[in-house]
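Chemist: compute the structure for the input listed below.
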Amino acid sequence: MPSSPDTLPSADPTLTCAYDLLRHPQRLLPAAQRGAEWAGGWCLGLPPGIRSSQWPLSETFGHPLRHAFTLHIPPQYRTQGERRVALSLFVDDQFEELTANEAVEAFFAAALPEAAPQDPALHMLWRHAKDRHPARFDMRDILGTQYAGLWLTQAEFDGPLCPAPRLPSSALLGPEPTWYTQPYPVYFHDLRIREPDAPPLALLPGAGLETALPIHAQLREGDPNVGKPPREWDDECVESGYVPAFGESAQGLDLERFFGRNHLGGTMMPVQGYPEFGPRFLEFEEDFGGFNFGCGTGQVDLASMQLDWACG
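Modeler: Residues are numbered from 1 along each chain as shown. Predicted coordinates for the structure are as follows:
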């Protein structure tokens, strides 16, 4: 539904650039002394710089969320303070249809006990809750799937990779997710990485948690929507000057050239309705970290740390 005149968003003149996020072919992600090719972050693989006890756990299943990507954020898109320069995004099960664990859900719904629980599995949940990362944001989508975004300092981003924590064997928890051990092509059903104007990149058969795809941010040229909050209808964009990609006002601008790109800011290309996000947003395809959006795209508002997606 179009916004009322009192809520029409305006442009942000301090935001002057947008970035396309391009990936290199997969390679082993070194545990230390990463080279310059990793300076922009990476898709898949493991997160850097956090302690094992800070790895977000599923409040539905109890197991660790899967690391999807770590992105080094250009300065104009750093919304959580100058020290927070990178974002690691984690996601709960979207492929295996695990069964919700009532005991785990009850533990996270209740107030955190002062004393550590005796059950080894509950003790691990308690320890992770006590050692929560100080710049963690929890999000859920319309289906209730849990995501966690951790904003990292430069020291954390440059730090060693964190192995996925293995929870102790317990009658409380079911079998651990298969992403721990299955190669990516198996877990993601032969996932292919698509970059604009290039053939798809297929993950090699044995690629797993020690493998990632380096990212580099490329300055986007000629996007008229930089610094403007994206909205679907022309009358919602009167104040900001945003041009919806497929609206009447976009004729002759060739905004379709931005379709299918992973990017920060500029022209948004949601598959269905537009989320009411600000101009500092990340938009990404399913293969940017192995998501299941029903052939759709996802968006994260980097200021409010809300997530949205729609299927194709």
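Chemist: in what helix or strand does the residue nearest the centre of the chain lie?
Modeler: By C-alpha atoms, centre = their mean, the mean C-alpha position of the chain lies nearest to Leu89, the distance being 4.1 Å. Leu89 is part of strand 84-91, with elements assigned from DSSP states H and E.
Chemist: partner strands of that strand, with direction?
Modeler: Strand partners for strand 84-91, identified by DSSP bridges, are recorded as strand 66-72 (antiparallel), strand 146-153 (antiparallel).
Chemist: quick check: mean pLDDT of that strand?
Modeler: Computed over strand 84-91, the mean pLDDT rounds to 98.
Chemist: helix/strand/coil for Ala155?
Modeler: Judged by DSSP: H, G, I helix; E, B strand; the rest coil, the three-state class of Ala155 is helix.
Chemist: so what's it up against?
Modeler: Contact criterion C-beta atoms under 8 Å, 6 or more residues apart in numbering gives Gly49 as the residues in contact with Ala155. Where C-beta positions appear, they are placed from N, C-alpha and C, glycine not excepted.
Chemist: do you know how far it is from Asp93?
Modeler: Relative to Asp93, Ala155 is positioned 31 Å away (criterion: C-beta to C-beta, to the nearest Å).
Chemist: can you tell me what sits against the helix or strand of the chain with the lowest mean pLDDT?
Modeler: Per-element confidence for the chain was summarised using mean pLDDT, DSSP states H and E. The lowest value among helices and strands belongs to strand 201-202, with a mean of 83. The contact list for strand 201-202 (C-beta under 8 Å, 6+ apart) reads Arg23, Pro25, Gln26, Pro185, Asp190, Arg192, Ile193, Arg194, Glu195, Leu213.
Chemist: how close does the last one sit to Leu21?
Modeler: Right, the one you point to is Leu213. For Leu213, the distance to Leu21 - C-beta to C-beta - is 11 Å.
Chemist: partners of the least confident helix or strand of the chain, with directions?
Modeler: Sheet pairing for strand 201-202, assigned by DSSP bridges, gives strand 192-193 (antiparallel).
Chemist: what does the partner strand contact?
Modeler: Residues from elsewhere that reach strand 192-193 (C-beta under 8 Å, 6+ apart): Arg23, Gln26, Cys43, Pro200, Leu201, Ala202, Leu203, Leu213, Asp287.
Chemist: then stretch 220-235?
Modeler: Stretch 220-235 is contacted from outside by 2-3, 9-20, 237, 240-244, 247-249, 253, 255, 258, 263, 265-268, 273-274, 276-279, 281, using C-beta under 8 Å, 6+ apart.
Chemist: quick one, the helix or strand immediately after the strand holding Leu89 in the chain and strand 146-153 angle?
Modeler: The first helix or strand that comes after strand 84-91 along the chain, using DSSP H and E, is helix 102-109. Helix 102-109 and strand 146-153 are oriented at 50 degrees to each other (axes from the mean of the first three to the mean of the last three C-alpha atoms, to 10 degrees).
Chemist: buried sites along helix 102-109?
Modeler: Within helix 102-109, the residues that qualify as buried by neighbour count (16 or more other C-beta atoms under 10 Å) are Val104, Phe107.
Chemist: list the helices and strands it packs on?
Modeler: The helices and strands touching helix 102-109, judged by 3 or more C-beta pairs under 8 Å, 6 or more residues apart in numbering; DSSP states H and E, are helix 120-130.
Chemist: how is this protein partitioned into domains?
Modeler: As recorded under automatic domain parsing, the domains making up the chain are 1-18+220-312, 28-215.
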